[in-house]
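Q: pasting the structure only:
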């Protein structure tokens with residue numbers, strides 16, 4: 001089963017992040033070591049960090065036309081700093097890996113199980129397979 005792990009930054013970490021500060025070399029090395037452990041264990045499928053919200057946008061949906069707000073997102077108490085996708089055998093295994101992550105005090109990892117298309121039945125799974133095949137071909 002796959003889990004999306006959201007990296008939520010708070011406090012000083014979020015402020016530094018929004019200011020465009022790059023991680024300290026030691027912190028980056030520690031995170032890369034953790035990522036290597038995930039890869040070596042066959043857990044990590046994907047993972048990336050996000051740039052500051054000033055380079056992003058939000059699209060809010062209501063009863064009318066969607067409203068687009070360019071970053072930065074000053075009202076945020078937590079900022080998404082990045083994500084991982086992990087392939088594990090159980091939620092407990094995902095929590096175990098998350099507990100080992102080298103995060104700053106106050107930061108939060110949110111783990112959400114990803115639906116597999118088979119969960120929706122064979123017709124939807126076949127439609128998704130066709131879409132992914134087209135994406136791989138660049139269509």
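A: Nice, thanks for sending it over. Please read these numbers as outputs of a predicted model, since none were measured by experiment. Numbering: from 1, shown residues only.
Q: just to be sure, residue 81 is in a strand?
A: Yes: Residue 81 forms part of a strand when assessed by DSSP: H, G, I helix; E, B strand; the rest coil.
Q: quick one, strands of the chain?
A: Secondary structure of the chain by DSSP state E: the strands cover 2-9, 44-49, 57-60, 67-70, 79-87, 108-113.
Q: mind putting the ones you listed into a markdown table with mean pLDDT, distance to residue 125 and mean neighbour count?
A: For every residue, glycine as well, the C-beta is placed using N, CA and C. Written out in a markdown table, the entries for the strands of the chain read as follows (pLDDT from 0 to 100; distance: least, Cβ to Cβ, whole Å; neighbours: other Cβ atoms under 10 Å):
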| stretch | mean pLDDT | distance to residue 125 | mean neighbour count |
| --- | --- | --- | --- |
| strand 2-9 | 95 | 15 | 19 |
| strand 44-49 | 96 | 18 | 14 |
| strand 57-60 | 93 | 28 | 10 |
| strand 67-70 | 94 | 33 | 10 |
| strand 79-87 | 95 | 18 | 19 |
| strand 108-113 | 97 | 17 | 14 |
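Q: could you dump those into CSV with distance to residue 24 added?
A: Formatted as CSV, the entries for the strands of the chain read as follows, by distance: least, Cβ to Cβ, whole Å:
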stretch, distance to residue 24
strand 2-9, 15
strand 44-49, 14
strand 57-60, 29
strand 67-70, 29
strand 79-87, 14
strand 108-113, 20
